[in-house]
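*Asks:* structure for the following, please:
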Amino acid sequence: MDELIRINYDSERPTVNGRDLHDALGINTKYADWFPRMCEYGFSEGQDYCSILRNRSDGLPGKRLTDHLLTIDMAKQLCMIQRTDIGRKFRQYFIQVEEAWNSPEAIMARALQFANQQLALLSQQNLALTETVAIQNQQITEMKPKVSYYDVVLNCKDLISTSAIAKDYGKSAIWMNRYLHEKGVQFKQGDLWLLYQRYAREGYTSTKTHTYPGTNGETHTKVHTYWTQKGRLLIYELMKSDGYMPLIEMEV
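*Replies:* Modelled structure (predicted):
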């Protein structure tokens, strides 16, 4: 189909420029007089056409020209009103434009284009939402005070066993006792670990005596060494200097 006049497909339905149609039909009456008279046939703005302003084509200064975008149906009827051969030719052309626009293939193509546009919009919105959530999560993380090992220790006033401290680092009591011995903190006397003199008077440990029944029915006692929270911090500083961190400070 040869193009007799430029068709605008930028809006929801195809349109044609009113002044272009006026010139193509060879109307002798000035456009400013011709178009209002054509509207008397029952055409209404917003339904059959819309008004636009454009600069003068001759480049001369002055008021901008009022132009109109006509629906293909209105353009087709205006061609019929002219009762000329050129009018009939253009009317037939507009009928072909309508048929092509309303063909199943064209309708499907527009639906697909609309779906792709919506998909692109949703993708942009999803990306923006993802970025917003990521930023909010970071802000929440930044605002949330990090719990340090010091916080845990200072909030606890009880004595604590070597096994419990070792567990803070994912270690065993055997490993911890050996480590503290190698660091010159404690030595073993029988079954009991005791602090070397330089640490013994600093309040790092406290002993507890436990009673238990013997196989002969007599009551026996056994002394166990527990660490104070001050001693727990001593171990923390020693471990930290050697690159060992409590599990709570290794969490992401």
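
*Asks:* what segments of this protein are helices?
*Replies:* With helices called from DSSP state H, the chain shows them at 18-24, 31-39, 72-82, 85-101, 104-143, 149-154, 162-168, 173-182, 197-200, 229-241.

*Asks:* using a markdown table, lay out those helices together with mean pLDDT, distance to G217 and mean neighbour count.
*Replies:* The way it works is simple: take the backbone N, C-alpha and C, and place the C-beta from them, glycine included. Below are the helices of the chain laid out as a markdown table (pLDDT from 0 to 100; distance: least, CB to CB, whole Å; neighbours: other CB atoms under 10 Å):
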| stretch | mean pLDDT | distance to G217 | mean neighbour count |
| --- | --- | --- | --- |
| helix 18-24 | 92 | 118 | 18 |
| helix 31-39 | 92 | 120 | 15 |
| helix 72-82 | 92 | 112 | 20 |
| helix 85-101 | 88 | 107 | 16 |
| helix 104-143 | 73 | 60 | 10 |
| helix 149-154 | 65 | 42 | 15 |
| helix 162-168 | 93 | 30 | 19 |
| helix 173-182 | 95 | 31 | 16 |
| helix 197-200 | 86 | 36 | 11 |
| helix 229-241 | 92 | 37 | 17 |
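
*Asks:* looking at the ones you listed, which is closest to T66?
*Replies:* T66 lies closest to helix 31-39 among the helices of the chain, at 7.6 Å (CB to CB).

*Asks:* the closest one versus helix 72-82: what angle between them?
*Replies:* On the basis of axes from the mean of the first three to the mean of the last three CA atoms, to 10 degrees, helix 31-39 is oriented at 100 degrees to helix 72-82.

*Asks:* could you chop the chain up by domain?
*Replies:* 7-102, 149-249 (automatic domain parsing).

*Asks:* dump those domains into JSON lines; add distance to L127 as well.
*Replies:* Output for those, formatted as JSON lines (distance: least, CB to CB, whole Å):
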{"stretch": "domain 7-102", "distance to L127": "27"}
{"stretch": "domain 149-249", "distance to L127": "35"}
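
*Asks:* quick check: mean pLDDT across stretch 218-227?
*Replies:* Average pLDDT, stretch 218-227: 80.

*Asks:* now that stretch: buried residues?
*Replies:* 225-227 (16 or more other CB atoms under 10 Å).

*Asks:* ok, and what's touching that stretch?
*Replies:* Around stretch 218-227, the neighbours that count as contacts under CB atoms under 8 Å, 6 or more residues apart in numbering are 159-162, 165, 191-194, 204-214, 235.

*Asks:* would you list the buried entries among those?
*Replies:* 159-160, 162, 165, 193-194, 204-205, 235.

*Asks:* could these be laid out in CSV, adding distance to D20?
*Replies:* Output for the buried ones among the contacts of stretch 218-227, formatted as CSV (distance: CB to CB, whole Å):
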residue, distance to D20
L159, 96
I160, 91
T162, 94
I165, 89
W193, 101
L194, 105
Y204, 96
T205, 99
I235, 90
